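Peer 1: need a 3D model of the following:
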Amino acid sequence: MADFATGGCACGAIRYRLTDAPYTVHCCHCTDCQREGGSAFAVNAAIESTRFVAEGMAPLVDHLASASGAGQTVMRCPDCHTALWSHYGGLGDKATFVRAGTLDDPALCPPRAHLFMRSKQAWVLIDAATPAFEGFYSGRDVVRIMGDSGAARLRALRAA
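Peer 2: Now for the predicted structure:
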């Protein structure tokens, strides 16, 4: 079976593969993502860590704050320092949040939800068809955003 997507850092020292589609994709507009990424937002494709394969150099590990307060561990290339993926406090290393901009084809992972709209830059325009939340969404919105399959995958991660 073919991989869903591949990607890597700017210098090519780290490559990765997603062996399946992400169970969800978020566009986060929090001030932490803005500051850490040097942009208006971060797009993260969430996938089970068992469906993510990294190859090449061992990543540099950064422990950073997150808007949720749970923190995150960011994996970067030790040579070019590209932020490639994160593990967030809630799920730890059971889930990998891949920076969609590091995919070879970022168009494969459009956001299914916009988070932390309260700190979104005014000049960023959001498609009204994509759910948007002032902070993070609640459990009642999971199926609407992720679909039945994505919600089941998230439940399995939480139960593991």
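Peer 1: centre of the chain versus the least confident helix or strand in the chain by mean pLDDT, how much separation?
Peer 2: The weakest-scoring helix or strand in the chain, judged by mean pLDDT, DSSP states H and E, is helix 31-37 (a mean of 88). Mean C-alpha position of helix 31-37 versus that of the full chain (C-alpha atoms, centre = their mean, to the nearest Å) differs by 13 Å.
Peer 1: what packs against the helix or strand following that helix?
Peer 2: Downstream of helix 31-37, the next assigned helix or strand under DSSP states H and E is strand 42-48. Packing contacts for strand 42-48, counted by 3 or more C-beta pairs under 8 Å, 6 or more residues apart in numbering; DSSP states H and E, involve strand 24-28, strand 95-99, helix 142-159. To be clear about C-beta, it is placed using only N, CA and C from the backbone, and glycine gets the same treatment.
Peer 1: got the angle between strand 42-48 and helix 142-159?
Peer 2: 50 degrees (axes from the mean of the first three to the mean of the last three C-alpha atoms, to 10 degrees).
Peer 1: now strand 42-48 and strand 95-99, what's the angle there?
Peer 2: Using the same axes, to 10 degrees, strand 42-48 lies at 150 degrees relative to strand 95-99.
Peer 1: tell me which other helices or strands the helix or strand just after strand 42-48 touches.
Peer 2: Counting by DSSP H and E, the next helix or strand C-terminal to strand 42-48 is strand 52-56. Strand 52-56 is packed against strand 14-18, strand 83-88, with contacts defined by 3+ C-beta pairs under 8 Å, 6+ apart.
Peer 1: so which of these gets nearest Gly135?
Peer 2: Distance to Gly135, taken as C-beta to C-beta, is lowest for strand 83-88 among the helices and strands packed on strand 52-56, at 14.6 Å.
Peer 1: give me the phi and psi angles of the closest residue to Glu36 other than its chain neighbours.
Peer 2: Once flanking residues are discounted, Glu36 sits nearest to Leu64: 6.4 Å by C-beta to C-beta, 6 or more residues apart in numbering. Leu64 has phi and psi values of phi -130, psi 170 when expressed as degrees, to the nearest 10.
Peer 1: and Leu64, what is it in contact with?
Peer 2: Going by C-beta atoms under 8 Å, 6 or more residues apart in numbering, Leu64 touches Asp32, Glu36, Gly71, Gln72, Thr73, Val74.
Peer 1: and if you look at Gly147?
Peer 2: Counting by C-beta under 8 Å, 6+ apart, Gly147 has no contacts.
Peer 1: per-residue confidence for Phe136?
Peer 2: Note on Phe136: pLDDT of 88.
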